[in-house]
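**Q** when you get a sec, could you give me coordinates for this:
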Amino acid sequence: MKKLFYSLYALFFNISRIFPLKKNRVAFVAPHNGGSGDSLSVMRRYFENKGGYDLVGISTQDLKLDSSSIGSLIKSCLKAAGFFTLGAYRLATAKYVFLNDNFMPMASLKFSKNAVITQLWHAEGAFKKFGLSAPVTDDVREREKKCSEKLTYVVCSSKAVAPFYAEAFGVDESKILPLGSARIDDLLGKNDALALRREFDAAHPECIGKELVLYAPTFRDSAEKDAALAEKIDVEAFNREFPQKRLLIKLHPQIHSATVPDCATNVTDCDIGRLTLICESVITDYSSVCMDFALLSKPCIFYAFDLDEYEHERSFYFDYESGVPGVVVKDNAALLEAIKNPRSSEEKLQSFRKFNFDYIDCSNAERIYNAVISTNL
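**A** The predicted structure is shown next:
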């Protein structure tokens with residue numbers, strides 16, 4: 001089915017190549033739905049503020065069918081048809097293309113030699129191995145390689161991680177732009193954390209007056225293991241030990257089988273950027289959510305109860321236990337002790353932060369714009 005999808009999209013795209021490039025058209029392709037605070041969205045707002053560009057959005061979310069009613073189904077079918085037709089035409093005629101993930105149909109697309117294609121990615125730094133560095137099937141690996149051949153640039157957050165990005169995308173290091181992630185502009189920008197907290201408390205009154213601790217585990221490629229993730233923390237013990245705190249649980253978008261206990265607050269649908277701003281600390285396992293907390297110098301605790309098994313399936317760019325920006329624990333008793341003193345690994349946190357971020361400012365989108373647009377007019 002996927003191959004049919006790729007072929008159909010490529011057909012409409014390649015037919016559309018008979019039309020000339022529109023020099024002011026910028027396409028923002030979202031195979032990964034990063035939300036309003038991801039780098040793709042931040043770059044789009046930057047272009048909107050600049051003015052003078054024809055901005056088009058292409059999202060795989062348009063392929064989701066809504067069968068709640070006949071009208072909704074017809075509307076969503078038309079939207080999906082537009083993805084393959086008008087969307088493919090807009091992408092084929094865009095001078096500038098930005099992505100936040102691998103867009104698999106790209107492997108079969110014949111872009112103009114004058115098109116400038118920039119991979120922004122949806123995460124910062126180097127943590128879990130990804131892309132061509134991660135274990136994938138031969139078919140996926142071949143398709144990812146062909147996608148990467150189309151790339152003009154790949155953006156990353158520091159010079160130190162540039163070699164990892166070159167490896168992950170299979171491109172020469174000269175294509176890597178260590179200019180910082182555009183989404184950092186939002187995290188470090190003029191966000192009123194107090195206002196965000198008031199808004200959050202209004203929606204979650206059980207959190208009023210309490211320090212917020214976020215638990216954000218990643219998925220496990222197993223519905224059974226995913227279902228158990230929200231129960232790995234003894235929330236009742238947490239509440240007894242820390243009556244002044246409230247545990248928030250944010251499940252990964254790929255986790256569909258877990259249930260958040262009633263004695264914790266389910267924030268699965270909340271924007272991670274906003275949560276980073278209002279939470280005091282994070283408990284995670286192998287999720288790159290630690291990047292945002294490290295950027296803001298907020299404590300990270302790593303609850304790696306299945307580390308040996310996870311490392312067997314998916315490795316890291318460094319030794320996990322010594323390299324993560326916080327203390328590593330493997331059971332509930334150790335976790336509760338770590339929460340009592342979350343800054344016990346401050347040196348690790350600052351070392352990790354320095355390695356992964358060259359620019360801790362609000363000029364990331366501007367640097368990317370200047371490098372990609374100003375040099376390719």
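**Q** residue ranges with poor pLDDT in the stretch 251-377 of the chain?
**A** Flagging of the stretch 251-377 of the chain using pLDDT under 70 yields the residue ranges 377.
**Q** all strands of it, in order?
**A** Secondary structure of the stretch 251-377 of the chain (DSSP state E, counting those that start in this stretch): strands at 265-266, 281-284, 300-303, 326-329.
**Q** Phe200: how many residues sit nearby?
**A** When neighbours are counted by other CB atoms under 10 Å, Phe200 registers 21. Bear in mind the C-beta positions are built from the backbone N, C-alpha and C, glycine included.
**Q** picking up where we left off before, CSV for the strands of the stretch 251-377 of the chain, including distance to Ala182 and mean neighbour count?
**A** Formatted as CSV, the strands of the stretch 251-377 of the chain follow (distance: least, CB to CB, whole Å; neighbours: other CB atoms under 10 Å):
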stretch, distance to Ala182, mean neighbour count
strand 265-266, 29, 18
strand 281-284, 22, 24
strand 300-303, 23, 24
strand 326-329, 26, 22
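**Q** could I get those strands as JSON lines with distance to Phe352?
**A** As requested, those are exported to JSON lines (distance: least, CB to CB, whole Å):
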{"stretch": "strand 265-266", "distance to Phe352": "28"}
{"stretch": "strand 281-284", "distance to Phe352": "13"}
{"stretch": "strand 300-303", "distance to Phe352": "9"}
{"stretch": "strand 326-329", "distance to Phe352": "8"}
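**Q** among those strands, which comes closest to Gly180?
**A** Judged by CB to CB, the one of the strands of the stretch 251-377 of the chain that comes nearest to Gly180 is strand 300-303, at 20.4 Å.
**Q** partner strands of the closest one and their direction?
**A** Looking at strand 300-303 with DSSP bridges, its partner strands are strand 281-284 (parallel), strand 326-329 (parallel).
**Q** distance of the residue most central in space within the chain from His32?
**A** Closest residue to the average C-alpha location of the chain: His122 at 3.5 Å, with CA atoms, centre = their mean. From His122 over to His32 the distance is 5 Å, taken as CB to CB, to the nearest Å.
**Q** what touches both of these two?
**A** Counting by CB atoms under 8 Å, 6 or more residues apart in numbering, the residues touching both His122 and His32 are 38, 100-101.
**Q** most neighbours of all these, which one?
**A** That'd be Asp38 among those, by other CB under 10 Å, with 26 neighbours.
**Q** ok, that one - contacts?
**A** Residues near Asp38 by CB under 8 Å, 6+ apart: 32, 100, 122, 183.
**Q** what would these look like in a markdown table with secondary structure and distance to Ala365?
**A** Converted to a markdown table, the contacts of Asp38 look like this (DSSP: H, G, I helix; E, B strand; the rest coil; distance: CB to CB, whole Å):
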| residue | secondary structure | distance to Ala365 |
| --- | --- | --- |
| His32 | coil | 18 |
| Asn100 | coil | 13 |
| His122 | coil | 15 |
| Arg183 | helix | 9 |
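**Q** of those residues, the lowest pLDDT goes to which?
**A** Ranked by pLDDT, those bottom out at His32 (75).
**Q** could the strands paired with strand 300-303 go into JSON lines alongside distance to Val260?
**A** Below are the strands paired with strand 300-303 laid out as JSON lines (distance: least, CB to CB, whole Å):
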{"stretch": "strand 281-284", "distance to Val260": "14"}
{"stretch": "strand 326-329", "distance to Val260": "21"}
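**Q** please identify which of those is closest to Ala228.
**A** Evaluated over the strands paired with strand 300-303, closeness to Ala228 peaks at strand 281-284, with 15.7 Å, by CB to CB.
**Q** restricting to C-alpha, output that closest one in PDB.
**A** This file holds the C-alpha atoms of strand 281-284, laid out as PDB (Å, rounded to 0.1, in the frame of the first residue of the first chain):
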ATOM      1  CA  SER A 281      12.200  18.700  35.900                       C
ATOM      2  CA  VAL A 282      11.700  15.800  33.600                       C
ATOM      3  CA  ILE A 283      11.800  12.000  34.100                       C
ATOM      4  CA  THR A 284      12.400  10.200  30.800                       C
END
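**Q** that one: how far from the chain's middle?
**A** Distance of strand 281-284 from the chain centroid (CA atoms, centre = their mean, to the nearest Å) equals 17 Å.
**Q** name the residues that touch that strand?
**A** Here strand 281-284 makes contact (CB under 8 Å, 6+ apart) with 213-218, 233, 276, 289-290, 293, 298-303, 335, 339, 342.
**Q** what do you get if the cut-off is 10 Å, keeping everything else the same?
**A** Strand 281-284 is contacted from outside by 211-218, 232-233, 238, 245, 247-250, 272, 275-276, 289-290, 292-294, 298-304, 324, 326, 329, 335, 338-339, 342-343, using CB atoms under 10 Å, 6 or more residues apart in numbering.
**Q** try stretch 15-24
**A** Residues contacting stretch 15-24 (CB under 10 Å, 6+ apart): 47, 52-56, 85-96, 109-115, 377.
**Q** one more time with 6 Å, if that's ok
**A** If you take CB atoms under 6 Å, 6 or more residues apart in numbering as the criterion, stretch 15-24 is touched by 53-54, 88-89, 92-93, 95, 112, 114.
**Q** off-centre distance for it?
**A** Mean C-alpha position of stretch 15-24 versus that of the full chain (CA atoms, centre = their mean) differs by 30 Å.
**Q** likewise for stretch 337-352?
**A** Mean-position distance between stretch 337-352 and its chain equals 24 Å (CA atoms, centre = their mean).
**Q** any idea how far apart the tips of that stretch sit?
**A** Taking CA to CA, to the nearest Å, the first and last residues of stretch 337-352 lie 23 Å apart.
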